[in-house]
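Give me a model of this one.
(one chain, ligands or ions: 2)
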Amino acid sequence: MMYTVIIPAAGQGKRMGSDKNKVLLELNQRPIIFHTVSRFEQDASCNAIYLAARQEELTELTTILQGFTKVKGLVVGGSERQYSIHNVLKTIPPCEVVMVHDAARPFVSHETLTQLYDGALARKAAIAAVQVKDTIKVVNDLIIDHTLDRTTLWQVQTPQAFAYDLLMEAYSQAERDGFLGTDDASLVERLGHPVSVVVSDYDNIKLTTPEDLYFAEAIMKKRGIECSE
Ligand SMILES: Nc1ccn([C@@H]2O[C@H](COP(=O)(O)OP(=O)(O)OP(=O)(O)O)[C@@H](O)[C@H]2O)c(=O)n1
Ligand SMILES: C[C@](O)(CO)[C@H](O)COP(=O)(O)O
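Ligands and ions are numbered 1, 2, ... in the order given. Model (predicted):
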């Protein structure tokens, strides 16, 4: 048994403030998307990689990804992350487990991928997350309303792994309801299906704002290798 991964790469990277989609920016002389796809190309349990891409970037992405044997298709994305993923989900061949992973997270570990795959096989829904390290407060008009209990707070990442049928149902139901979530698990949670958490690591950052590029360089240096090798 193997899994299929959907990698949404059709964003604009507005918060990164660069003049192009952030997943095309380079880290260690390779585009970020190259590093991210490498994580799955190198995972023995992954047998197919599909991406959501912006129409105008299809040619560039195809060129960047031409050496990857597991890349099976690029699908034009939508105006929101959720729509991009749904566009891909509708086109992939049915399989047992589907993972969704942000193109903008190039540092997911092999251990996390393995645990997520096992979790999805056993319980149909498993996502990567880390415990919140800061104290989090609810604030209204710059006045603190209350302080949340940190022991129950988790910072959610991708990959998020699901049984194919469950994820299809969750996306179809969200579309029928006009529900827009910021991650895939939230669509599954709406169905009442339990989603389990795999304890990931703090290196699995999403490159969102310019300072994240400094963190990314530091992570690569710490690992002592190019993250795509
Ligand atoms: N319409 C969209 C929006 C986002 N994404 C992808 O979803 C992932 C997570 O989204 P985010 O980090 O928010 O990326 P952007 O939408 O590009 O960033 P921003 O919100 O700053 O514009 C990224 O890999 C991004 O390319 C996508 O495929 N389609
Ligand atoms: C799915 C996600 O990576 C979880 O942290 C994230 O929600 C996706 O993008 P966002 O636009 O930064 O919320």
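
need the contact list for the residue in the chain positioned nearest to ligand 1.
Residue nearest to ligand 1 within the chain: G11 (2.0 Å; Cβ to the nearest ligand atom). To be clear about C-beta, it is placed using only N, CA and C from the backbone, and glycine gets the same treatment. By Cβ atoms under 8 Å, 6 or more residues apart in numbering, the residues touching G11 are 21-23, 77, 81, 84, 103-104.

among those residues, which are in reach of ligand 1?
Residues of the contacts of G11 in contact with ligand 1 (Cβ under 6 Å from any ligand atom): 22-23, 77, 81, 84, 103-104.

Looking at the residues you listed, which are in helices?
Among those, the residues falling in helices (DSSP state H) are 81, 84.

I'd like the ones next to ligand 1 among the contacts of G11 laid out as JSON lines, including pLDDT and distance to V199.
JSON lines is the format used below for the ones next to ligand 1 among the contacts of G11 (pLDDT from 0 to 100; distance: Cβ to Cβ, whole Å):
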{"residue": "K22", "pLDDT": "98", "distance to V199": "27"}
{"residue": "V23", "pLDDT": "98", "distance to V199": "26"}
{"residue": "G77", "pLDDT": "98", "distance to V199": "30"}
{"residue": "R81", "pLDDT": "98", "distance to V199": "24"}
{"residue": "S84", "pLDDT": "98", "distance to V199": "27"}
{"residue": "A103", "pLDDT": "98", "distance to V199": "23"}
{"residue": "A104", "pLDDT": "98", "distance to V199": "21"}
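
Looking at the ones next to ligand 1 among the contacts of G11, which one is closest to Q160?
Q160 lies nearest to R81 out of these, by Cβ to Cβ, at 11.8 Å.

Just list whatever residues bridge to the most far-flung residue of the chain relative to its centre.
Relative to the C-alpha centroid of the chain, counting by Cα atoms, centre = their mean, I143 is the outermost residue, at 33.5 Å. Beta bridges link I143 to N140, judged by DSSP bridges.

Over to L74?
With DSSP bridges as the rule, L74 is bridged to L51.

which residues of this structure fall in helices?
Using DSSP H, helices in the chain cover 32-41, 58-64, 81-89, 110-123, 164-177, 185-189, 211-223.

Can you flag the weakest of these by average pLDDT?
Mean pLDDT is lowest for helix 211-223 among the helices of the chain, at a mean of 95.

helices and strands around that one, which ones?
The contact analysis (3 or more Cβ pairs under 8 Å, 6 or more residues apart in numbering; DSSP states H and E) places helix 211-223 against strand 26-27.

For the strand it packs on, enumerate the helices and strands it packs against.
helix 211-223.

buried residues in the helix it packs on?
212-213, 216, 219-220 (16 or more other Cβ atoms under 10 Å).
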